[in-house]
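Colleague: I'd like to go over a predicted model; first the sequence, then the structure.
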Amino acid sequence: MNTAINRFLREIVRHKEAEAAGIDMPDEFMMPDYRLKSLSDAVRKQKRNAVIAEIKFRSPSGGVTAPLSDPKDIADEYIRGGCTAVSVLTDEKFFGGKKEYLTEISGISTVPLLRKDFIVNEKQLYETKVIGADAVLLIAKILGGKLPEFKETASALSLESLIEVRNSEEADLAISCGAEIIGINNRDLTTMKINLNKTAELSAYIRDEYKDALIISESGYNFPDDIKAMKRYCDGFLIGSSVMKAKNRREAVEGFVCA
Ligand SMILES: O=C(O)c1ccccc1NCC(=O)[C@H](O)[C@H](O)COP(=O)(O)O
């Protein structure tokens, strides 16, 4: 692992391990909706572009993406724009998220919800279920050899896993544990720079090796034309900053969905 990534991930892992020492249960008045919604089915059934629209108030690469507002309203705008799923950042320290946001949104959402966080401890998977998510992000670089057992635990909890990779070794790891959904992240964690070609390169590798997984291209989609250029390389897109920053979020999502 390169040293800059190392430092960043080490800081996150340390923080997450401390946080995961206790499981936060949602308050009674925010009981999540546990009816299952499948992310993979939703992506497969989408006739236009499958867009997983993300709620992220802040990020290490871009700072504040939007002033704090009710995440349910944002999810509602995304859903009216035709998104296939909503991704909710639940990390507080680095992304200004909250686990409660996911629980609140689960009460109004008609689409699957992805919990976006840094999962380092299996307790967080139980917590992910408890707070009302349908799917969870597992990052190959963080979990390494522990990835298969985390994926199995997630499946046992009826949580789908989106396994995030950035290179062919990580893709091999995802494939070896039978990933149903693989996310290719276009953001380089050393420089924070975006390279959409990462999706083109890695999806060719993955599709050569393994035809079963859905491929989601993550990060760096600013304009509908970006989707037009990349759609042949993947089955869906995870889009955060540009839809959070949009004046009209419903229209912004619709633009990506219909590109
Ligand atoms: O968003 C960041 O700055 C970031 C930095 C370091 C690790 C992860 C990061 N983001 C997580 C994500 O995967 C993105 O939020 C997601 O793919 C959406 O990206 P974007 O549309 O570019 O906001």
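Modeller: All right, it came through fine.

Colleague: which parts of the protein sit against the ligand?
Modeller: Residues of the chain lying near the ligand by C-beta under 6 Å from any ligand atom: 54, 56, 59-62, 185, 187, 189, 218-221, 238-242. To be clear about C-beta, it is placed using only N, CA and C from the backbone, and glycine gets the same treatment.

Colleague: same thing but 8 Å
Modeller: 8, 54, 56, 59-62, 65, 87, 89, 94-95, 116, 137, 164, 183, 185-187, 189, 192, 194, 218-222, 238-244 (C-beta under 8 Å from any ligand atom).

Colleague: any of those residues buried? List them.
Modeller: 54, 56, 59, 65, 87, 89, 94-95, 116, 137, 164, 183, 185-187, 189, 194, 218-221, 238-244 (16 or more other C-beta atoms under 10 Å).

Colleague: inside strands: which ones of those?
Modeller: 54, 59, 87, 89, 116, 137, 164, 183, 185, 218, 238-239 (DSSP state E).

Colleague: farthest pair within the residues you listed?
Modeller: 59 and 183 (16.2 Å; C-beta to C-beta).

Colleague: I'd like the next helix or strand past the helix-or-strand element of the chain with minimal mean pLDDT.
Modeller: Every helix and strand in the chain was compared by mean pLDDT, DSSP states H and E; the lowest is helix 3-19, with a mean of 64. Counting by DSSP states H and E, the next helix or strand C-terminal to helix 3-19 is helix 39-45.

Colleague: got a list of contacts for that following helix?
Modeller: 50, 52, 84-85, 111-112, 114, 134-135, 160, 162, 180-181, 214, 216, 235-236 (C-beta atoms under 8 Å, 6 or more residues apart in numbering).

Colleague: give me that answer again for 7 Å
Modeller: For helix 39-45, the surrounding residues in contact (C-beta atoms under 7 Å, 6 or more residues apart in numbering) are 50, 84-85, 111-112, 114, 134-135, 160, 180-181, 214, 235-236.

Colleague: cool, and stretch 221-238?
Modeller: 43, 49-52, 54, 84, 87, 183, 196, 199-200, 203, 214-218, 239, 242, 255-256, 259.

Colleague: residues near residue 197, how many?
Modeller: Residue 197 is flanked by 12 other residues according to other C-beta atoms under 10 Å.

Colleague: that should have said residue 63, apologies.
Modeller: Neighbour tally, residue 63, other C-beta under 10 Å: 8.

Colleague: what's opposite it in the beta bridge?
Modeller: Beta bridges link residue 63 to residue 59, judged by DSSP bridges.

Colleague: how close does it get to residue 57?
Modeller: 10 Å (C-beta to C-beta, to the nearest Å).

Colleague: cool, residue 88 as well?
Modeller: For residue 88 relative to residue 57 (C-beta to C-beta), the value is 11 Å.

Colleague: what does the helix or strand hosting residue 174 contact?
Modeller: Assigned by DSSP H and E, residue 174 falls within helix 168-176. Contact partners of helix 168-176, identified using C-beta under 7 Å, 6+ apart, comprise 140-141, 147, 163, 165, 182, 202, 205-206, 209-210.

Colleague: one more pass at 8 Å, please.
Modeller: Against helix 168-176 from outside (C-beta under 8 Å, 6+ apart): 140-141, 144, 147-148, 163, 165, 182, 202, 205-206, 209-210, 213.

Colleague: now, which of those sits nearest residue 12?
Modeller: Distances from residue 12 to those, taken by C-beta to C-beta, are shortest for residue 141, at 10.8 Å.

Colleague: could you point out which element follows the helix or strand hosting the closest one?
Modeller: In this assignment (DSSP H and E), residue 141 forms part of helix 140-143. Sequence-wise, the next helix or strand downstream of helix 140-143 (DSSP H and E) is helix 147-156.

Colleague: so which elements touch that next one?
Modeller: helix 123-130, strand 135-139, strand 160-165, helix 168-176 (3 or more C-beta pairs under 8 Å, 6 or more residues apart in numbering; DSSP states H and E).
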